[in-house]
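**Student:** Quick one, what's the 3D model for this:
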Amino acid sequence: MANVDRPSGLIASRHSAGGTPQRLGGYTIASALAEDIYSGDPVDLTGTGRNIALATAGDDNPIVGIFAGVKYVDANGEQQFRPRWPTGTVATEIEALVYDDPLQEFVAQVDDTAGLIEADVGQLAALVAGAGNDFTGRSAWQIDQSTLAATVTLQVRILGLARQLENDFGQFAKARCVIQRHRYGAQPSVGV
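**Tutor:** Numbering: from 1, shown residues only. The predicted structure is shown next:
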């Protein structure tokens with residue numbers, strides 16, 4: 001069976017410690033921020049309060065969490081809730097929702113033709129940016145398979161193959177992972 005090449009960013013799944021998964025924290029985005037942020041994109045703090053912006057792909061770049069959507073009052077005074085932040089949006093009362101719990105697990109596609117193998121479980125990897133989908137608001141970030149290593153400065157830790165239909169080890173596999181370079185804490189060791 002061949003895995004489908006359909007990157008969707010990092011999708012929240014279960015919580016490593018059990019309990020309620022998909023816990024969201026509230027952040028803000030600077031009005032008129034000139035970048036698109038899609039649901040499933042990694043984000044990081046800008047250094048100004050709880051403002052966030054798109055995280056930087058690659059090893060040694062920290063992440064505060066994964067963007068889930070944003071609510072705001074637009075320039076016409078209308079309340080909006082969107083799965084993405086369109087570049088240059090002028091708004092007030094902005095609240096970005098972010099999966100910011102360090103123990104939150106995610107599912108993400110592995111990008112390379114070499115694919116994911118069982119020996120990769122427990123390894124760390126950097127993330128690679130992709131162009132999000134303006135229609136669905138979904139991210140296209142992926143796990144950069146070419147960076148898989150034991151280096152603790154990489155962005156995510158591979159926990160295993162995602163349990164879903166039509167997903168197997170190999171090219172474009174969907175992997176379970178946690179954020180390794182998380183702003184709020186250390187990560188658990190590999191689990192089931």
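
**Student:** Just the element for the nearest residue to residue 92 once chain neighbours are set aside, please.
**Tutor:** Counting by Cβ to Cβ, 6 or more residues apart in numbering, the nearest residue to residue 92 once its immediate chain neighbours are dropped is residue 73, at 4.9 Å. All C-beta atoms are positioned from the backbone trio N, CA, C, and that covers glycine. Secondary structure assigned from DSSP states H and E places residue 73 in strand 65-74.

**Student:** Packing partners of that strand?
**Tutor:** Helices and strands touching strand 65-74, by 3 or more Cβ pairs under 8 Å, 6 or more residues apart in numbering; DSSP states H and E, are strand 37-38, strand 42-45, strand 79-82, strand 84-85, strand 91-99, strand 104-109.

**Student:** show me the contacts for residue 41.
**Tutor:** Residue 41 sits next to 9-10, 54-55, 66-67, 132, 139, 141 when contact means Cβ atoms under 8 Å, 6 or more residues apart in numbering.

**Student:** how much space between residue 69 and residue 80?
**Tutor:** Residue 69 sits at a distance of 10 Å from residue 80 (criterion: Cβ to Cβ, to the nearest Å).

**Student:** These two: who's more crowded?
**Tutor:** residue 69 (18 against 14; other Cβ atoms under 10 Å).

**Student:** so that one makes contact with residue 95?
**Tutor:** No - at 9.5 Å, residue 69 and residue 95 do not qualify as touching, with contact defined as Cβ atoms under 8 Å.

**Student:** I figured residue 97 hits residue 29, correct?
**Tutor:** No - contact between residue 97 and residue 29 fails when scored by Cβ under 8 Å: they sit 10.9 Å apart.

**Student:** mind checking pLDDT for residue 188?
**Tutor:** pLDDT, residue 188: 49.

**Student:** Low-confidence stretches in this protein?
**Tutor:** 1, 186-192 (pLDDT under 70).

**Student:** just the strands in it please.
**Tutor:** Taking DSSP state E as the criterion, the chain carries its strands at 11-15, 24-27, 37-38, 42-45, 52-54, 65-74, 79-82, 84-85, 91-99, 104-109, 124-128, 142-149, 156-161, 174-179.

**Student:** okay, those strands, which one's buried deepest?
**Tutor:** Between these, strand 37-38 has the highest mean count of neighbours, a mean of 27, where neighbours are mean count of other Cβ atoms under 10 Å.
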